[in-house]
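K.L.:
sequence first, then the predicted structure:
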Amino acid sequence: MNEFIQTILSGISIGCVYGLVALGFVLIFKATEVINFAQGELLMLGAFLCYTLITFLNFPYWAALLVTIILMGLFGLVLERTVLRSLVGEPVYAIVIVTIGISFFLRSAVSMIPGWGTDTYGFQTPFTEQYVRTGQLVLSWEQLSVIMIAAILIVILFSFFRYTRVGTAMRATSQNQLAAVYMGISVTRVFSLTWTIAAVLGGIGGILLAPITFVHMNMGFIGLKAFPAAVLGGFRSLPGAIVGGLIIGITESLAGFYLPKGWKDVAAWIILIGVLMIRPQGLFGIQEKKKV
Amino acid sequence: MRFLMKTKYYQDIRLFKYRSTFFWYLALVVGCFALPSLLDDYLISQMTFICMYAVAAVGLMLLTGYTGQVSMGHAAFFAIGSYTSAILTAHGVPFLAALPMAGIFAGMVGVFIGRPILHLTGLYLAIATMGFAFIVDEGLVRWESLTKGNMGYYLKPPNIGPLVFDTEIRFYYLAFVVLILTLLAARNILRAPLGRAMIAIRDSEVASEAIGINLARFKTMAFAISAFFTGIAGCLYAHKVLFINPESYTIFLSVELLAMVIIGGLGSLHGAVFGAAFFIFLPQLIIMTKDYLPVYLQKQTGLEPALFGLLIVLVMLFEPLGIYGRWLKTKFYFEMFPLYKKDSFKREKKYQKAERH
């Protein structure tokens, strides 16, 4: 029973990271109809930045977190302004290929920066080697902290979209860009903000993931797991992305523990295909009615 | 600018629009046959890779460019083609029989998985096919009694009767002939009712259903044909590299194939070939220009993929319609010569007003 609870808990904590990355996918897709294949690489970049700040510049953990968030936000802003802005109005598939190109570039560029390279790194967090004991159960603070930070972030994000003017403008843009323009919303500025938030989410995801999988140039491949998470949730729904992430994380964790080797990587996909066969629009998606 | 007087309906769907087009293509084919005598073995081998990737890209183009169904799992069909022919030839089946059987088996798998997932649309279909590719890849690793798992599978050079394709030139001719047959087949599919139904589905599913096109049937057929060609390409690949293991068939191959058809230019068979050439030749060009860079950069292993990614971004930034789009514009420029207007192809930058929820 203890093993079961611990497996579930580690599933939830990795699921939170998937959920955060998936949120980045969903945000960008809702606002701009683009699937951002570089989301996983944004996560990797965030982890590397945080690693540099903590190891080379001796920042305390929380300060490093804050600085990484700011740097990642700037990065997202610059990326949108320099590359993606000029593609507004072009066919969506062209923009998708551009994001694939960006992901290639970021992954290899990281390996060329002095001090980063292709090795695997780790860094100390206030939660390393800390445990909570409740009866027979031993819970690691690393996992608990991931869950808590993710939960706080989700609450902030939801209240941002629900209660602020900018959040409302973003929701309006995601529903109908033309109507949003008529209402005086600067759609291009909304796009910038969307990419900024997505880059920040990726960065935080990277910092949270770093103690679990360590920092290396291929950690962005986790984006491939966040993908089914986002689709499972319906790809247009923000709560759906989190729920999808949790489902994928828990499934993976259970499959890794109880099933023979090899099932861990496939389990998430089998669940995904199964769900899509029954509900083609994902769990929280709304079936779109096409007009001729 | 040439004007064609059409007197029969057949003229709309004939294989070559003008008679001169036929001769230009003939000249191209003859040129490609003569080419190996000018090149060294390494370049010939690169040409072979272009031919086989072009076969796979034509397969994906039929599905994505003409039927409008995005697949991110074509590496799976590529792998199925490779392993089918590897296992068949290892059991003594002649190569000439194994080649079509690899395609047919991949096509059958395409029907089998296409049927349940083709009611998904757009993004959901892309992700479901990606999941299928992951499952196939894991299956190749785990089903060791059949595929030898990560150990990999060794093959012998293929032969047709006494003719063994063991030199670069011979294999190039084999791949080139297969490419030409593939292109002819694809061109004929596209002008037949099947192909026109596929294009109708791409343009509007609702409208094509209203004029009596059975969506499920034609989508499944497009999926199967696409899988067939990709399987053939996989078979060629296996017999070219002579050693296959699941490492060669990851998600990157799927993404690469998709990027090939998009960079080449969606909705044209030319685009499939251009895309394959782009993906094979660009890394070569990058290696060639490497000598001119600072020493620190030269030593980096990540340099080539980084430049490659950067070039993909630049190509799409300057030509979102792909290489074939650029080709059309260039041709149009010369046809219209003094009267060409830069804005003829300009797209309006517009905000989406789609009824979205």
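P.N.:
Now that the structure is in, tell me what you want to look at. Numbering: from 1, shown residues only, chains lettered A, B, ... in the order given.
K.L.:
roughly how far does the nearest residue to residue B:99 once chain neighbours are set aside sit from residue B:56?
P.N.:
Residue nearest to residue B:99 in three dimensions, not counting chain neighbours: residue B:235, with 5.3 Å by C-beta to C-beta, 6 or more residues apart in numbering or on different chains. C-beta here means a position set from N, CA and C on the backbone, and glycine is covered the same way. Separation of residue B:235 from residue B:56 (C-beta to C-beta, to the nearest Å) stands at 11 Å.
K.L.:
for the residue in the stretch 251-357 of chain B that chain A sits nearest to, which non-adjacent residue is closest in space?
P.N.:
Here the stretch 251-357 of chain B gets closest to chain A at one residue, residue B:309, 2.9 Å apart by C-beta to the nearest C-beta. Of all residues not flanking residue B:309 in the chain, residue A:104 sits nearest, at 2.9 Å (C-beta to C-beta, 6+ apart).
K.L.:
tell me the secondary structure for that neighbour?
P.N.:
Classification of residue A:104 using DSSP: H, G, I helix; E, B strand; the rest coil returns helix.
K.L.:
residues in contact with the residue of the stretch 101-250 of chain A found nearest chain B?
P.N.:
Going by C-beta to the nearest C-beta, chain B is nearest to residue A:104 of the stretch 101-250 of chain A, at 2.9 Å. For residue A:104, the contact set (C-beta atoms under 8 Å, 6 or more residues apart in numbering or on different chains) comprises B:305-306, B:308-309, B:312.
K.L.:
neighbour-wise, which of these leads?
P.N.:
residue B:312 (25 neighbours; other C-beta atoms under 10 Å in any protein chain shown).
K.L.:
element containing that residue?
P.N.:
Element membership for residue B:312 (DSSP states H and E) is helix B:303-318.
K.L.:
in the stretch 1-150 of chain B, what residue comes closest to chain A?
P.N.:
residue B:131 (3.6 Å).
K.L.:
got the phi/psi numbers for that residue?
P.N.:
Main-chain torsions, residue B:131, degrees, to the nearest 10: phi -60, psi -40.
K.L.:
if I look at it, how far off is residue A:267?
P.N.:
Residue B:131 is 11 Å from residue A:267, by C-beta to C-beta.
K.L.:
what does the stretch 151-300 of chain B have sitting close to chain A?
P.N.:
B:204-207, B:210, B:251, B:255, B:259, B:262-263, B:266, B:297, B:300 (C-beta under 8 Å from any C-beta of the partner chain).
K.L.:
can you flag the buried ones in these?
P.N.:
B:205, B:251, B:255, B:259, B:262-263, B:266, B:300 (16 or more other C-beta atoms under 10 Å in any protein chain shown).
K.L.:
which of these scores worst on pLDDT?
P.N.:
Among these, residue B:300 carries the weakest pLDDT, at 70.
K.L.:
how far away is the residue nearest to residue B:309 from residue A:78?
P.N.:
To residue A:78, residue A:104 is 18 Å away according to C-beta to C-beta.
K.L.:
how about residue B:114?
P.N.:
The value you get for residue B:114 to residue A:78, if C-beta to C-beta is used, is 42 Å.
K.L.:
out of those two, which sits in the more crowded spot?
P.N.:
Legend: neighbour count by other C-beta under 10 Å for residue B:114 and residue A:78, higher for residue B:114 (25 against 14).
K.L.:
who's in contact with the closest residue to the more buried one other than its chain neighbours?
P.N.:
Distance criterion C-beta to C-beta, 6+ apart; nearest residue to residue B:114, sequence neighbours excluded, is residue B:223 at 3.6 Å. Contact analysis of residue B:223 by C-beta under 8 Å, 6+ apart lists B:63, B:69, B:71, B:110-111, B:114, B:118.
K.L.:
out of those, who has the most neighbours?
P.N.:
Among those, residue B:71 has the most neighbours (other C-beta under 10 Å), with 30 neighbours.
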